[in-house]
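Trainee: pasting the structure only:
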């Protein structure tokens, strides 16, 4: 099914709404590292990822578009000249400095702290943010009532991505998360693969996904914001 929010963003919002923009040099991090940190920093339980395009190795053109229930759209993009560009789009000019005053200071702190972490911890944090993105993908497919086959594989992808990350699997509550993902994979597997995900099951799946996302965000925050000894 069509993603109405994405269509609205492309056709109207990106052209007509108030826009706030920041440009942050990627170095000393890699493109993937800063993109993932920005994605996580702009994300929340109330945020929905409505578009994601990743060019190989997170090169120029990689982009995510997020929507928050306060009617703010966010574009995160690897731009030219080793720059990460973040844009917020607001319906009016109230709180139109949130990106500069709130998001950027937090992102800069996390950029410094992340750069000081050992390689293994960096890798595990990035892999856990990958799971965060996979959960967002599942939620978006569910909200657009995409076909059962796609939702089944998206849930399975999230589960398998998490299973190889000690930071995730050793955290309290990880078993419950995996059980919930297994349950919904079994549910989707028993539905006609090419039919739309049934309306009667949308609220149940979304509730579980948001519970998992809240847990994930807290887990990643605790690692990103921890001082390196």
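Mentor: Received it, and whenever you're ready, just let me know what you need. This one's a predicted model, so the numbers in the text were calculated from it and none came from an experiment.

Trainee: can you list the domain ranges for this structure.
Mentor: Domain assignment for the chain by automatic domain parsing gives 4-116, 120-224.

Trainee: Same list (the ones you listed) but as TSV, adding mean pLDDT and mean neighbour count.
Mentor: (Glycine included, C-beta is placed from N, CA and C.) As requested, the domains of the chain are arranged in TSV below (pLDDT from 0 to 100; neighbours: other Cβ atoms under 10 Å):
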stretch	mean pLDDT	mean neighbour count
domain 4-116	95	16
domain 120-224	97	17
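
Trainee: Any figure for the gap between the spatially most central residue of the chain and residue 228?
Mentor: Nearest to the mean C-alpha position of the chain, by Cα atoms, centre = their mean, lies residue 133 at 3.9 Å. Distance of residue 133 to residue 228, given as Cβ to Cβ, to the nearest Å: 25 Å.

Trainee: same check, this time on residue 217
Mentor: Distance from residue 217 to residue 228, by Cβ to Cβ: 21 Å.

Trainee: dump the residue contacts of the residue nearest to the centre of the chain.
Mentor: Residues counted as contacts of residue 133 (Cβ atoms under 8 Å, 6 or more residues apart in numbering) are 39, 49, 52.

Trainee: can you map out the strands along this structure?
Mentor: 18-25, 47-53, 63-68, 72-79, 83-90 (DSSP state E).

Trainee: Mind putting those strands into CSV with distance to residue 121?
Mentor: Listed next are the strands of the chain as CSV, based on distance: least, Cβ to Cβ, whole Å:
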stretch, distance to residue 121
strand 18-25, 22
strand 47-53, 25
strand 63-68, 23
strand 72-79, 23
strand 83-90, 21
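
Trainee: And those strands: which comes nearest residue 196?
Mentor: Residue 196 sits nearest to strand 47-53 of all those, at 18.0 Å, using Cβ to Cβ.

Trainee: Can you list the strands that that closest one pairs with?
Mentor: strand 63-68 (antiparallel) (DSSP bridges).

Trainee: List the contacts of the partner strand.
Mentor: With Cβ under 8 Å, 6+ apart as the test, strand 63-68 has contacts from 5-6, 9, 35, 39, 42-44, 46-53, 73-78.

Trainee: How far off centre is stretch 68-84?
Mentor: Relative to its chain's centre, stretch 68-84 lies at 12 Å (Cα atoms, centre = their mean, to the nearest Å).

Trainee: so how far does that stretch reach from one end to the other?
Mentor: The first and last residues of stretch 68-84 sit 20 Å apart, counting by Cα to Cα, to the nearest Å.

Trainee: and residue 187, how far is that from residue 131?
Mentor: To residue 131, residue 187 is 20 Å away according to Cβ to Cβ.

Trainee: And the contacts of residue 133, which is closest to residue 172?
Mentor: residue 39 (24.4 Å).

Trainee: so the closest one touches residue 129, yeah?
Mentor: Yes - contact criterion Cβ atoms under 8 Å: residue 39 and residue 129 qualify, at 6.6 Å.

Trainee: from memory residue 110 sits against residue 223, does it?
Mentor: No - look at residue 110 against residue 223 with Cβ under 8 Å: they stay out of range, at 10.0 Å.

Trainee: so who does residue 14 touch?
Mentor: Residue 14 touches 73, 75, 89, counting by Cβ under 8 Å, 6+ apart.

Trainee: Please apply the same query to residue 227.
Mentor: Residue 227 neighbours (Cβ under 8 Å, 6+ apart): residue 113.
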